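> coords please:
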Amino acid sequence: MTVTVATLGFPRIGPRRELKFALESHWSGKSGEAKLLEAAAGLRTAAWARQKGLGADWLPSNDFSLYDHVLDTSLMLGAVPERYGAADGQAGLDTYFAMARGTTGAEDGCGHGHGSLTACEMTKWFDTNYHYLVPELVTGQRLALGALKVVDEYREAKAQGFETRPVLLGPVTWLSLAKGRGVDPFDFLDEVLGLYAVILGHLAHAGAEWVQIDEPVLALDLSETQRRAFTRAYARLARSGSKLMLATYFGGLGDNLGLAASLPVEGLHIDLVRAPEQLEPVLKTVPKAVLLSLGVIDGRNVWRADLARLLDRLEPLAAERDLVLAPSCSLLHVPVDLALETRLDPQLTQWLSFAVQKVEELAILKRALNEGRESVAAELASASEAARYRRTSPRIHDVAVADRVASVTPGMRERRSDVEARQQAQAAVLGLPLFPTTTIGSFPQTADVRHARAEHNRGRMDDGAYIRFLREETSRAIKWQEEAGIDMLVHGEFERNDMVQYFGEQLSGFAFTVNGWVQSYGSRCVRPPILYGDVSRPKPMTVDWWRYAQSLTTRPVKGMLTGPVTILNWSFVRDDQPRATSCRQIALAIRDEVLDLEAAGCQAIQIDEAALREGLPLRRSDWQAYLDWAVDCFRLSAAGVEDATQIHTHMCYSEFNDILPAIGAMEADVISIETARSQMELLEGFARYRYPAAIGPGVYDIHAPRVPGEAEMVALMRLAQQHLSARQLWVNPDCGLKTRKWEEVRPAIDAMVAAARTLRAEALAEA
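Have a look, this model is predicted:
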């Protein structure tokens, strides 16, 4: 039998974030469309050549995107909301970026003639930190064949000598992700399938023998509507010409195995990293005529595999049937190349594997199975030795940390009084007006800020000069907030590189990369910390910066922390102990910081849990166990304070309505959430739940370049008052402002403060 290697997708951004810089150059007006498309083509060619050179037999095409693959699919189907003015769903690059980022009319670098438009709603891709643009469908909408990017990129690869397997987001997953306004997205099933059939026909005509169709919703609990849709969809698509590789990932098929096995496809990919237990049921259920693709290398984490142990499991299978070996999912979620890391500890480096190394690992497994283990004996021995050393390394285990986690008592998780008593104590101390204004934490990281940080990191700016620079930036930010009339200030976070990395660099058990970038959305890239060992806090992390900022003003300045669940979920986490254990270690470190801030006089402390919802397991049966320990960790970090100390938290770009009891159980005093793009839709659930604490529904979408006006913000807050009382409501942006420019932020915050004053006047008139 023959074993081959496939990649389901490769990082789009380039080894050194080339896509990010090309996009931002285009958006700023420095380069035209042709230059952007040239850069994109170069990245695609390099990715195909690299994967082929590493030993991949099945190369993906159409895994590249200028912004988001779900948005690409929406344009392919002509699902362009009417407000963007694209006739018959035909959208060019200006419309594409308008949907992704919104527009501010003539001043925007990418929107031509659109005027001021909000972007499409954005949320998290399953349980990852990747953001996708939510498809919109409305009553009476007509879909039509749009951009045939998938065909164009297949032909592009073929012209360069690369035979690829085009990747399509599956029709049932796309409809499952879509939001219907006055309509059920699955009412469009037949229309969507007709377009998919045409597209598959074009691919077959172009010469594509196989097409990969990604249906990650098969790892979820499916409704009867979705189940019927799968049966109808693949009965039709199976007749479209090319062979279909149905790709499932992010979890096991579970009770959807019978459905998946019944579909008339020629290949099936399964995730054996997230769900290793599904192999035996799959082998028993899926016909031998179906080509199995086994996701045996982790596509979402950075740990090197123990290849010999994998071979023990794979060798009996390879003797019985042809196999494709692959990462568990697209390699979009890991950095590109470990070889670019020059500052990592060599001992730690030997435990790691990035996208390039993961393809190499697959190629080693392929050779071992096709030619025998002796053909790769040295490579197998190296992997086994790295795995053995990682299991026993004293760098990973700290007895003092384990003892402290074991000593946690129930009382450490409990606030002293109920929410009403806390609100009274906090009102007496803070004296805030109705509709208090604040921001989420960060202010623009200007070119000057980034340059100073880079110079300090290179040793060209000494510690004293760097601290003076940061103090000047902080002082200007405090003064500007006072002049703008904001009620609760922040210090601006100019000293912070990233909301997770900044804390991880000051905690034990974390390591950091130089070029370990991963796409979050569009041009936004992050470098997740690597959590490799037990976590503790050697010394205070933020107290001095808070104390300095508070010394500049009589208004309250929030202490700004990242919560334990978010630090965990936005890191590459060790896989040798339960995630809950690592999270409790982080929670105790954050608790120490909270108590030190309070002791220094901080009256309001924000503990951001932006990733709480993101970490929710895909199956509802697993939700409660996760929520129990996630909420427990937040409370452990926050509950030690006095009633008069106001605990804030922030969550962004997620659906919260199905976990509101858990959010209530966090016992935060104020929660700020994203609501600008969704027009306050999330507040309906908070109202039904009778959420007792205060809420800051975002009125300013910071992920788009447009500047909203006062009237728009007042209208949003009036919508909010349909769900919640005025006394519960704060006025704030959706998220932190570090990615925006001051020339966007200043007028937007001025409008926000003016909106709050208008709302107060209205409330006073009604009283």
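> now the most centrally placed residue in the chain: how far from E614?
In the chain, the centroid-proximal residue (Cα atoms, centre = their mean) is N129; its distance is 1.6 Å. Noted for N129: a distance of 6 Å to E614, by Cβ to Cβ, to the nearest Å. All C-beta atoms are positioned from the backbone trio N, CA, C, and that covers glycine.
> identify the contacts common to those two.
Overlap between the contact sets of N129 and E614, as judged by Cβ atoms under 8 Å, 6 or more residues apart in numbering, is given by N569.
> can you list the weak-confidence ranges in the stretch 551-700 of the chain?
Confidence mapping of the stretch 551-700 of the chain against pLDDT under 70 gives the ranges 653-655, 678.
> which residues are in contact with stretch 178-197?
In this structure, residues lying in contact with stretch 178-197 by Cβ under 8 Å, 6+ apart are 76-79, 121, 134-139, 141-145, 168, 171, 174-176, 225-226, 229, 232-233, 236-237, 239-240.
> are any of those residues buried, and which?
Neighbour-count burial within the contacts of stretch 178-197 applies to 76-79, 121, 134-137, 141, 143, 145, 168, 171, 174-176, 226, 229, 233, 236-237, 240; the criterion is 16 or more other Cβ atoms under 10 Å.
> quick one, what contacts the residue nearest to P436 when sequence neighbours are not counted?
Beyond its immediate neighbours in the sequence, the residue positioned closest to P436 (Cβ to Cβ, 6 or more residues apart in numbering) is D487, lying 4.4 Å away. D487 makes contact with L432, P433, P436, T437, T438, R555 under the criterion Cβ under 8 Å, 6+ apart.
> secondary structure class for the residue nearest to the centre of the chain?
Each residue gets one of three states, and N129 gets coil by DSSP: H, G, I helix; E, B strand; the rest coil.
> for the residue nearest to P436, give me the pLDDT.
For D487, the pLDDT comes out at 97.
> distance of it from L430?
D487 is 9 Å from L430, where distance means Cβ to Cβ.
> swap in H456?
According to Cβ to Cβ, H456 stands 35 Å off from L430.
> residue contacts, V198?
L145.
> Three-state assignment for it, please.
V198, by the three-state scheme (three-state DSSP), is helix.
> what is the burial count for V707?
V707 has 21 neighbours, counted by other Cβ atoms under 10 Å.
> give me the pLDDT for the nearest residue to A219 once chain neighbours are set aside.
Nearest residue to A219 in three dimensions, chain neighbours excluded: G251, at 3.4 Å (Cβ to Cβ, 6+ apart). On pLDDT, G251 comes in at 97.
> any idea whether G251 is helix, strand or coil?
Reducing the assignment to helix, strand or coil with three-state DSSP, the entry for G251 is coil.
> does it touch D271 like I think?
Yes. A contact is recorded between G251 and D271 when judged using Cβ atoms under 8 Å, the distance being 6.4 Å.
> contacting residues for the residue nearest to A219?
Under the criterion of Cβ under 8 Å, 6+ apart, the contact list for G251 reads A219, L220, D271, R274, A275, P617, L618, R619.
> I'd like to know which elements the helix ranked longest in the chain is packed against.
The helix of greatest length in the chain, counted in residues with DSSP state H as the criterion, is given as helix 742-766. Using 3 or more Cβ pairs under 8 Å, 6 or more residues apart in numbering; DSSP states H and E, the elements in contact with helix 742-766 are helix 463-484, helix 710-721.
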